[in-house]
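1. Return atomic coordinates for the entry below.
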Amino acid sequence: MGMLDNGVWRDVWYDTKKTGGRFVRESAQFRNQVTADGASGFPAAPGRYRLIVSYACPWAHRTLIFRALKRLEEVIAVTVVDPLMAERGWILPDGRPLYELYRQAKPDYTGRVTVPTLWDDERGTIVANDSADIIRMLNRAWDAWGDAGVDLCPEALLPAIDEINAFVYERVNNGVYRAGFATEQTAYEEAYDSLFAALDDLDGRLSHDRYLLGERLTEADVRLFTTLLRFDAVYYGHFKCNKRRIVDYPNLWPYVREIYQLPGVAQTVHFDHIKAHYYRSHKTINPNGIVPKGPDTDFALPHGRDLLGTIDESSGY
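-> Next comes the predicted model:
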């Protein structure tokens, strides 16, 4: 774990002393757009761009799911970093640290070096490193080469999507990190209580709706899914979010299985990377780097969600 400081790499953890033990996530700095018409300076084209991702990272995982659902596998390349994030940060397959590409894009860059990163092979620079921006681009910019019939961000639903995204981001997506990276008891308990209140709320919502916004899968479901998928294997123990597992929720658990079983999604899931990254990279939390063997969770079990509010009782944990 580390960051660039005016282009110089420093191996430093998050400074929570000045925030009362609370983890505060930094905002992404590369916010360019790929557009179908090229007016942004980054025209959509097959073979020009690549996603630099970690299979472990839930934020990067969103982009892989969008790429699969939009059938862009042959249009946008993927480069996968090593699951271990140690003193040089994320490491590319050729052994270079990812921060070298950040420095190439902006020599005086100051900030965290994160995934996903959308890289332009033609210009040799970073387009964007904000997952929310990237998935919106993936949803529409490459429709000339992907599946234009799949729209996870329909215009009419954008206000509702943005509203539920804000709730899920603060309370769940980032909530597990706020609990796991807290360095004061009060900060941890605030995040913990907020997280489980949100999960209870979402479980209730899914008792009468198939997806977060009704009958249609949207971006909001993908953003929630990648956190829920990792919850029992990582966040429950490693981040001390141990009030309940996702398999204990009557509606969240089959919801996760249903999304996992959508065509192309399971192929984006790599629990070997997920567990190796979290348990080996966070030495302040797990200093010995022991990776637990469990849990033995079968996401391919029938999800029993063909009828809303009805759970197939044979589909257990």
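2. show me where pLDDT drops low in the stretch 201-317 of the chain?
-> Across the stretch 201-317 of the chain, the ranges flagged by pLDDT under 70 are 306-317.
3. Repeat the analysis, applying 80 as the threshold.
-> Counting by pLDDT under 80, the stretch 201-317 of the chain contains low-confidence ranges at 305-317.
4. Tell me where it has helices.
-> 219-230, 252-260, 271-281 (DSSP state H, counting those that start in this stretch).
5. for Arg50, phi and psi?
-> With angles defined as degrees, to the nearest 10, Arg50 sits at phi -140, psi 150.
6. how close does the residue lying closest to it once chain neighbours are set aside sit to Lys106?
-> Leaving aside its sequence neighbours, Arg50 sits nearest to Ala77 (Cβ to Cβ, 6 or more residues apart in numbering; 3.9 Å). In short, each C-beta sits where N, CA and C put it, glycine included. As judged by Cβ to Cβ, to the nearest Å, Ala77 and Lys106 stand 22 Å apart.
7. What are the boundaries of the helices in the stretch 51-200 of the chain?
-> 58-69, 99-105, 131-140, 158-168, 175-180, 185-205.
8. sorry, back to before: mean neighbour count, the helices of the stretch 201-317 of the chain: which tops it?
-> Stretch with highest mean neighbour count among the helices of the stretch 201-317 of the chain: helix 219-230 (a mean of 24; mean count of other Cβ atoms under 10 Å).
9. other SSEs contacting that one?
-> helix 58-69, helix 131-140, helix 158-168, helix 252-260 (3 or more Cβ pairs under 8 Å, 6 or more residues apart in numbering; DSSP states H and E).
10. Secondary structure element holding the residue nearest to Asp130 when sequence neighbours are not counted?
-> In this structure, Asp130 finds its nearest non-sequential neighbour in Ala28, 3.5 Å apart by Cβ to Cβ, 6+ apart. Using DSSP states H and E, Ala28 is not contained in any helix or strand.
11. right, and Tyr278 touches Cys57 too?
-> No - assessed by Cβ atoms under 8 Å, Tyr278 is found out of contact with Cys57, at 9.9 Å.
12. mind listing what the residue nearest to Arg136 when sequence neighbours are not counted touches?
-> Of all residues beyond its chain neighbours, the one nearest Arg136 is Cys153 (6.2 Å), with distances taken as Cβ to Cβ, 6+ apart. Neighbouring residues of Cys153 by Cβ atoms under 8 Å, 6 or more residues apart in numbering: Arg136, Asn139, Arg140, Ile161, Thr218, Glu219.
13. In JSON lines: those, plus distance to Leu64.
-> Formatted as JSON lines, the contacts of Cys153 follow (distance: Cβ to Cβ, whole Å):
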{"residue": "Arg136", "distance to Leu64": "15"}
{"residue": "Asn139", "distance to Leu64": "14"}
{"residue": "Arg140", "distance to Leu64": "17"}
{"residue": "Ile161", "distance to Leu64": "19"}
{"residue": "Thr218", "distance to Leu64": "17"}
{"residue": "Glu219", "distance to Leu64": "14"}
